[in-house]
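Peer 1: pasted the sequence and its predicted model underneath.
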Amino acid sequence: MVQNFKELLNNVKAFAFDVDGVFTDGNVVLHPSGELIRTTNTRDGYAVHVAIERGFPIAIITGGNSQSVKDRFKGLGVTDIYQGITDKAAALEDFRFKYGVELSEILYMGDDLPDYDVMRKVGIPTCPADAAPEIRGLSVYVSNFSGGKGCVRDVIEQVLRLNDKWGPASINKQ
């Protein structure tokens, strides 16, 4: 019997995310220096920061390699940033062993074919509303929000609310 998404969220102990198409809308601008300029959603960033503060490890696993991406996520408190990755499943294994979590306890959000194999391994594969059809077909949850438009906040907030860890600490003490 397949559990529903809300039941699966009770199992989440860690998150892993792709970057382009998840934290971004997939569009990039080429800066004259050669750096790719991406825009991200500040609410997604806030959710990442809160999740880390509340004890949820987060991994960024991306095929891209960018100092600005590294700086953005380090600034949010992410310490597990895997860039230039061709084998996302191997990066996920490293991450899960570091924190002692099972694959079934990881929520992964990806949007395109490079995420396919890693999403088949995790317990809670999710994607943005505008993900590739193959990824949507693998996902136990398709966010109502597109990449770069709040899909990360969507899944993190749902998990934290289930654990009474969402919102200011003063709200959670009431």
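Peer 2: Everything's here; your move.
Peer 1: ok, and the closest non-adjacent residue to Phe95?
Peer 2: Ala59 (4.3 Å; C-beta to C-beta, 6 or more residues apart in numbering). The C-beta positions use only the backbone N, C-alpha and C, and glycine is treated the same way.
Peer 1: can I assume that neighbour sits in a strand?
Peer 2: Yes - judged by DSSP: H, G, I helix; E, B strand; the rest coil, Ala59 forms part of a strand.
Peer 1: list the contacts for it?
Peer 2: Going by C-beta atoms under 8 Å, 6 or more residues apart in numbering, Ala59 touches Ala14, Phe15, Ala16, Phe17, Val78, Asp80, Ile81, Tyr82, Ala91, Leu92, Phe95.
Peer 1: could I get the pLDDT score of it?
Peer 2: Note on Ala59: pLDDT of 98.
Peer 1: follow-up on the earlier one: among the contacts of Ala59, which lie within strands?
Peer 2: The members of those that map onto strands under DSSP state E are Ala14, Phe15, Ala16, Phe17, Asp80, Ile81, Tyr82.
Peer 1: what are the ranges of the strands in the chain?
Peer 2: Under DSSP E, the chain gives strands at 14-17, 29-30, 36-37, 58-61, 80-82, 106-109, 124-127, 141-142.
Peer 1: okay if I get the ones you listed as a markdown table plus distance to Tyr46?
Peer 2: As requested, the strands of the chain are arranged in a markdown table below (distance: least, C-beta to C-beta, whole Å):
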| stretch | distance to Tyr46 |
| --- | --- |
| strand 14-17 | 14 |
| strand 29-30 | 24 |
| strand 36-37 | 21 |
| strand 58-61 | 13 |
| strand 80-82 | 18 |
| strand 106-109 | 16 |
| strand 124-127 | 19 |
| strand 141-142 | 20 |
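Peer 1: before we move on, back to that, for Glu157, state which of the ones in strands among the contacts of Ala59 is nearest.
Peer 2: Phe15 (11.7 Å; C-beta to C-beta).
Peer 1: tell me the spacing between the closest residue to that closest one other than its chain neighbours and Pro133.
Peer 2: Using C-beta to C-beta, 6+ apart and skipping the chain neighbours, the partner closest in space to Phe15 is Ile58 (4.8 Å). Distance of Ile58 to Pro133, given as C-beta to C-beta, to the nearest Å: 27 Å.
Peer 1: kindly report the same for Val122.
Peer 2: 19 Å.
Peer 1: those two: which has the busier surroundings?
Peer 2: It is Val122, of Val122 and Pro133, that has more neighbours when counted by other C-beta atoms under 10 Å, with 24 against 7.
Peer 1: does the more buried one really touch Ala14, like I thought?
Peer 2: No - using C-beta atoms under 8 Å, Val122 makes no contact with Ala14, being 9.6 Å away.
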